[in-house]
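Trainee: here you go, sequence then predicted model.
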2 protein chains.
Amino acid sequence: MQTIKVGLLGFGTIGTGVVKVFQQNRELLANRLGTELELVRIADLDTTTDRGVRLPVGMLTDDAQGLLNDPDIQIVIELIGGYEPARTFVLQAIRNGKHVVTANKALLAKHGDEIFRAAEEADVDVMFEASVGGGIPVLSAIKENLGANNFSALYGILNGTCNYILSRMDENGEDFDEVLADAQRHGYAEADPTFDVEGIDTAHKLALLISLCFGTKVDFDEIYTEGVSKVTALDIEYARDFGYKLKLLAIGKRDGDRVEARVHPTMIPQDYPLSSINGVFNSIRLVGDFAGPVMLSGYGAGMNATASAVMGDVLAVARNLRAGGGIRVPALGCPQRQLASYPVKPMDQLIAHYYLRFTVKDQPGVLAKIAGVLGRYEISIESMVQPHRHAAEAVPIVFMTHEALERNVIAALAEIDQLDVVQQETLLIRIEENLE
Amino acid sequence: MQTIKVGLLGFGTIGTGVVKVFQQNRELLANRLGTELELVRIADLDTTTDRGVRLPVGMLTDDAQGLLNDPDIQIVIELIGGYEPARTFVLQAIRNGKHVVTANKALLAKHGDEIFRAAEEADVDVMFEASVGGGIPVLSAIKENLGANNFSALYGILNGTCNYILSRMDENGEDFDEVLADAQRHGYAEADPTFDVEGIDTAHKLALLISLCFGTKVDFDEIYTEGVSKVTALDIEYARDFGYKLKLLAIGKRDGDRVEARVHPTMIPQDYPLSSINGVFNSIRLVGDFAGPVMLSGYGAGMNATASAVMGDVLAVARNLRAGGGIRVPALGCPQRQLASYPVKPMDQLIAHYYLRFTVKDQPGVLAKIAGVLGRYEISIESMVQPHRHAAEAVPIVFMTHEALERNVIAALAEIDQLDVVQQETLLIRIEENLE
C-alpha cells in the first residue's frame, strides 16, 4: 500500500509536538501501521518562528487552502484552536473527503453537531481524543473496549491548571490568588485564566464525555458551570478535617431520560483514588454496568502528551484507510441519527450533601438563628465546626448537611444571607459521597 | 447489513456474564454497531446446570464441532480456559475463517505464537483484552490510542487475589496463611492458589503486555517469577515505616535491545498512585515517550468486568466486519514478522534498592558481622532498623540498601545465611523508587 499522507493546520505548541512524533517515531509508526505515514505539509500564518524542529524546505506554508485542496493528503490535523477559521477549514477538509483529527474542544462543544453530520455525509472520520484529558486515551476507551457498557456515571478532573492550583492550596495552605499569580509567572496558567479557572474548559470536555458515554447530545449552555475562584485555603483545610479532598469535578450521570451535567468544586472522600490525582494530572472515572468503575489517569495537557493523543487518532484513521476506508466508529460512538437528546436535569432538583461556610459576627445566638432557617427548609445537619478566631470581626461557621434538595439549600442561604449577623455571602460546596 | 452471528465456547462464570451482556445491552450494542449482534450458539460439556440466565431452546449444546463448523457464525468467543481443547478449537475456528475473542492468558502465553501466525494467514482477528486486567481496557489502549508511543516501562498490579491478600495483611496486620484461608472460604481464592499467589498468572499477563508495549516476543519461561507467600505482615509494617507499600508488581522495561521482565513482591513509594490500588482492583501504569505515564485501573476479574472486556473485543471485530473485514490491527499491535525477539535481561544484572530482613540471635556483634559481609560485596546501607523483641530467640534486623547489583546481593546473602548467628533464610524484597 502507498504511503498515507498527512497535513497539519496550526504549528503552535501541540503542532510542534506532532512533528516530533512523526520524526522521532517514524519507524515505529510504520511498523505498527504496516505502511509509511508521512507528514507532507504544515500550514500556519507564522512561517518564520523557530519551533526547535527541522523541517524539509517547502513543508511549512501559510497557504491553508493549498493544503486543504491537496488531493494527496488523506488526513488533516487541525490544531489552530478557537472557532474560526478552524470551523471553516474542518468543514472544507471534510467536504474534500479528508479525515480530520482535532484537539479543539471549544469548536466541538459549539459546532460538533454540524461537523459530525458533515463527516457522516462525506463518510470520513472526525477524531478528537486530544480534546479531553490530554494524553489519556479516554475517548477511545469509551468508544472501543468499554463500548458494550451502559454507563451510569462519569467523574473527571479535566483541567490541569485548576488541579495544580487546588493541589498547591492544599499542600501549602496558600490562597487562590497567590497560587494563580505564581502559576501565571511560570506559564502553568494563561494570562487570562477565565476559561480554565471558571470551569468553562472543563464543561467543554464534559459535554463531549457525556455524548460519548450516554449516547446523547447535550446543550453546552445547559451545563451548570462553577469555577474554583471562590474557594479558599480554609475550605480545603476544613475539607481535610472532615475526610474530604476538594477537586474541580466534571460530573455526568444518566438519570432515566435525563442527564446530570455539572462542573463545580466538589468534596470527595479522601481515600478515593480520584483524591490522589494531584498537580497537572487529569483523571476520569467511568462507571459501566458491566465493567464497574474504570479509572484512567495521566497528563491532561502539554505538548508531548497532547501530541500522543493526536497521533493515536491519526494511527486509527490510517488503519481504517488501510482496511478499506469509510467510518468504522462514528465520531460520538453511534450514528448521529441514533443520538438521544436527553435534557439536562435542572440544578435545583439536585439532591446532595453540602458544605456550607457562613461568615458571621462572633456573638451568642448566631448558631441558633442559622440552624433555625436550615431546619425550616428541611436541611438537617450532619456536623458543625465553629473554630475559635479570637478578636476577629467575622468568624466562619461550617456546616456539613445530610442529603438535601438544592432548591431548599439555595432558598435557605438567600434567607440566611439577609440576617444581620451574617457578614458576607455564604459559600456552598457540593459533596459527592459515592462516586458510583 | 445482515446480523453478525456469534458463537460461545465455554459456559462458565465469564460465559454467563457474556450472555448477560448480549441480553441486557442488546439494543445498545446494535446502536453502537449499526447492526444486530446475535449470540446464536453456546457449546459446553455441561448442558444441564442452571446458570441463572434464560436461553432460547436449542441454543446450548455440547457439540463444539457443530459450532466451529457453522458457516453462519463469524465470531467465536473462547472461554473454556486452559490449554486443551482450547488450543485446538481456537486454531480450528481460525482455519474456518472465524474471528476469535478469548480471555485465555495461559493459552496465549504458551501457544500465542502459533495462534497469532495462524490468524494472520487466515486474515482473521484474535483479540484478548479480557486476558489482562479484567475490565480495564489496557490492551486496546496500547494498540490503539497510545500506539504512537515508544514505551519505556510498564508496571502492573495484575492479580486480584494477591492484591486482596496483601491489602488485608496491610490493613489488619493478619498473616499470609490466615488471609489466604479466609479468602478461600469466601471464594476469592482458588482451592489450589499456586497460580495466583506464586505469580504465575501475573507473569502470563506480563508476557502479553511486554509483547504489545515493546513489540517483541518474550519467552514466558525467562520471566523471573516470585510470589507473595514468603511475605509477612511484619515486612508490610516495616515497608510502611520506611514510606513504602508492598505490592506484587509485574515489571517490564525496555533496556536497549533487551527487556526486563519480572514479577515479584515490590516496595513502591507510598504516595505513588499505584500504592492506592487496594483489594481486588488491578492497575497498569504505562510509560510512553510522548504520553508520559498513563495509569488505568478497575476490576481485574469477576464475571461482569471480564464479560465487558470480552464484549468490547466482539464489538471491535464486528466493526471490522462491517468496515470490510480483514485484520485492521494485528493481534500484538504489529505484524508477527516485525516482532523483535529481545532477550530478557538476566536477574543477576539488575540494579535496585533492596529491603533485607535478617533473622538473627539477639547478641552483640551480629550487626557488625552482617554489615561486614555487605560491605565486602559493595552493598551500602541507606538505613537500618533493629526493633526490640525482648526475650525472643530470633530477632529481625532490617536493612534498606542504596542501589546495588543483584548478583552481589545474592552472593552476600548466601554468605550471611551461613553465619552461626543467622537463624533463618534472609528475606529480600526489591524496591522500585521511580516508576518511570
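Mentor: Great, that's in hand. Numbers count the residues shown, from 1 in each chain, chains lettered A, B, ... in the order given.
Trainee: just give the number of residues close to residue A:366.
Mentor: Residue A:366 has 18 neighbours, counted by other C-beta atoms under 10 Å in any protein chain shown. C-beta: built from backbone N, CA, C; applies to glycine.
Trainee: now residue A:29, nearest residue through space, not along the chain?
Mentor: Of all residues not flanking residue A:29 in the chain, residue A:37 sits nearest, at 4.9 Å (C-beta to C-beta, 6 or more residues apart in numbering or on different chains).
Trainee: for the one you found, give me its contacts.
Mentor: Counting by C-beta atoms under 8 Å, 6 or more residues apart in numbering or on different chains, residue A:37 touches A:3-4, A:6, A:22, A:26, A:29-30, A:314-315, A:318.
Trainee: by neighbours, which of those wins?
Mentor: Of those, with other C-beta under 10 Å as the count, residue A:314 tops at 27 neighbours.
Trainee: in a strand, residue A:42, correct?
Mentor: Yes - secondary structure of residue A:42 (DSSP: H, G, I helix; E, B strand; the rest coil): part of a strand.
Trainee: biggest helix in chain A by residues?
Mentor: helix A:303-322 (DSSP state H).
Trainee: and the angle for that helix with helix B:303-322?
Mentor: 50 degrees (axes from the mean of the first three to the mean of the last three C-alpha atoms, to 10 degrees).
Trainee: so what's residue A:411 closest to, chain neighbours aside?
Mentor: With C-beta to C-beta, 6+ apart as the criterion, residue A:411 has its nearest non-adjacent residue at 6.0 Å, and that residue is residue A:377.
Trainee: state the distance from the one you found to residue A:100.
Mentor: According to C-beta to C-beta, to the nearest Å, residue A:377 stands 51 Å off from residue A:100.
Trainee: so those two - more neighbours on which side?
Mentor: residue A:100 (27 against 18).
Trainee: look at residue A:190 and report its pLDDT.
Mentor: Model confidence at residue A:190, given as pLDDT, is 86.
Trainee: only C-alpha atoms, please: export the longest helix of chain A in PDB.
Mentor: Only the C-alpha atoms of helix A:303-322 are listed here, as PDB (Å, rounded to 0.1, in the frame of the first residue of the first chain):
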ATOM      1  CA  MET A 303       3.000  19.400  24.100                       C
ATOM      2  CA  ASN A 304       4.000  15.800  24.200                       C
ATOM      3  CA  ALA A 305       1.000  14.200  25.900                       C
ATOM      4  CA  THR A 306      -1.400  16.000  23.600                       C
ATOM      5  CA  ALA A 307       0.600  15.100  20.600                       C
ATOM      6  CA  SER A 308       0.400  11.400  21.700                       C
ATOM      7  CA  ALA A 309      -3.400  11.600  21.600                       C
ATOM      8  CA  VAL A 310      -3.400  13.400  18.200                       C
ATOM      9  CA  MET A 311      -1.100  10.800  16.700                       C
ATOM     10  CA  GLY A 312      -3.100   7.900  18.200                       C
ATOM     11  CA  ASP A 313      -6.100   9.200  16.300                       C
ATOM     12  CA  VAL A 314      -4.000   9.600  13.100                       C
ATOM     13  CA  LEU A 315      -2.900   6.000  13.500                       C
ATOM     14  CA  ALA A 316      -6.600   4.900  13.900                       C
ATOM     15  CA  VAL A 317      -7.600   6.700  10.800                       C
ATOM     16  CA  ALA A 318      -4.700   5.400   8.900                       C
ATOM     17  CA  ARG A 319      -5.600   1.800   9.900                       C
ATOM     18  CA  ASN A 320      -9.200   2.500   8.800                       C
ATOM     19  CA  LEU A 321      -7.800   3.700   5.400                       C
ATOM     20  CA  ARG A 322      -5.700   0.500   5.100                       C
END
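Trainee: surely residue A:353 is in a helix?
Mentor: No - counting by three-state DSSP, one finds residue A:353 to be strand, located in no helix.
Trainee: so, low pLDDT: which residues of the stretch 251-400 of chain A?
Mentor: Counting by pLDDT under 70, the ranges of the stretch 251-400 of chain A that qualify are A:325, A:388-392.
Trainee: rewinding a little: among the contacts of residue A:37, which pair sits farthest apart?
Mentor: With C-beta to C-beta as the measure, no two of the contacts of residue A:37 lie farther apart than A:3 and A:315, at 14.2 Å.
Trainee: related to what we said a few turns ago, and of the contacts of residue A:37, the nearest to residue B:183?
Mentor: Nearest to residue B:183, judged by C-beta to C-beta, of these is residue A:315 at 41.6 Å.
Trainee: so the closest one touches residue A:29, yeah?
Mentor: Yes - counting by C-beta atoms under 8 Å, residue A:315 does reach residue A:29; the two are 6.7 Å apart.
Trainee: tell me the residues that contact both of the two, please.
Mentor: Shared contacts of residue A:315 and residue A:29 (C-beta under 8 Å, 6+ apart): A:37, B:148.
Trainee: hey, C-alpha coordinates of stretch A:266-273 in PDB?
Mentor: Extracted in PDB, the C-alpha atoms of stretch A:266-273 (Å, rounded to 0.1, in the frame of the first residue of the first chain):
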ATOM      1  CA  THR A 266     -16.600  19.200  44.800                       C
ATOM      2  CA  MET A 267     -15.600  17.500  48.000                       C
ATOM      3  CA  ILE A 268     -14.900  13.800  47.600                       C
ATOM      4  CA  PRO A 269     -13.800  11.200  50.200                       C
ATOM      5  CA  GLN A 270     -10.100  11.400  50.800                       C
ATOM      6  CA  ASP A 271      -9.400   7.700  50.300                       C
ATOM      7  CA  TYR A 272     -11.000   7.600  46.800                       C
ATOM      8  CA  PRO A 273      -8.400   7.200  44.000                       C
END
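Trainee: now do that stretch: everything it contacts.
Mentor: Contacts of stretch A:266-273 (C-beta under 8 Å, 6+ apart): A:239-240, A:242-249, A:251, A:274-275, A:283, A:285, A:295, A:355, A:429-433, A:435, B:273, B:276-277, B:297.
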